[in-house]
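Engineer: Sequence first, predicted coordinates after that:
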Amino acid sequence: MTPESLFQAASAAVLPGWIALALAPLARARLVLVARVIAVLLAGLYVALLAAGLTGDGPPKGAGFDTLEGVRLLLSSPQALLAGWVHYLVFDLWVGSWEAEDAALPHWLLLPCLALTFLAGPTGLLLYHLLKAARRVRA
């Protein structure tokens, strides 16, 4: 498959997991499991992409995690950029599954957290923790 077709497939593959989390009150344990299985399967894709990148030509000269330019170079190939995207998909879905499993909020408050976690990862996690803390203070 081409990087573009893998991008499309991975991006579509997470949607059932996010839908399961949105429906979590119906069968929380099972629906969280659905999301986590999808995340684990996509983690397998990530490992395969990472392995393919390491066995190919390798990263360009100057690529690394120690400078912003190094990270830009590290993600400069379509394959590396795809691996980075899958990394985000996996971690955001896993964080969303944790939010749904933790269930420290009524579901109507959890839904905006899940939406933000899906769209802007750390923003949704931050909102979840802020709402959870505010509810503790009020209790």
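Structural biologist: Sure, I can see it.

Engineer: I'd like the distance between the most centrally placed residue in the chain and residue 100.
Structural biologist: Centroid-nearest residue in the chain, with CA atoms, centre = their mean: residue 92, separated by 2.5 Å. Distance, residue 92 to residue 100, by CB to CB, to the nearest Å: 13 Å. Bear in mind the C-beta positions are built from the backbone N, C-alpha and C, glycine included.

Engineer: and what of residue 60?
Structural biologist: If you measure residue 60 against residue 100 using CB to CB, the figure is 40 Å.

Engineer: Identify the residue spatially nearest to the residue nearest to the centre of the chain, adjacent ones excluded.
Structural biologist: residue 121 (4.6 Å; CB to CB, 6 or more residues apart in numbering).

Engineer: Please tell me how far that neighbour sits from residue 7.
Structural biologist: Taken as CB to CB, the span from residue 121 to residue 7 is 18 Å.

Engineer: next one: residue 45
Structural biologist: 11 Å.

Engineer: pretty sure residue 113 contacts residue 105?
Structural biologist: Yes: counting by CB atoms under 8 Å, residue 105 is a contact partner of residue 113 at 7.1 Å.

Engineer: what do the two both touch?
Structural biologist: Common neighbours of residue 113 and residue 105, using CB atoms under 8 Å, 6 or more residues apart in numbering, are 128, 131.

Engineer: Compare those two (neighbour count), which wins?
Structural biologist: residue 113 (24 against 19; other CB atoms under 10 Å).

Engineer: Name the helix or strand for the more buried one, please.
Structural biologist: Per DSSP states H and E: residue 113 is located in helix 107-120.
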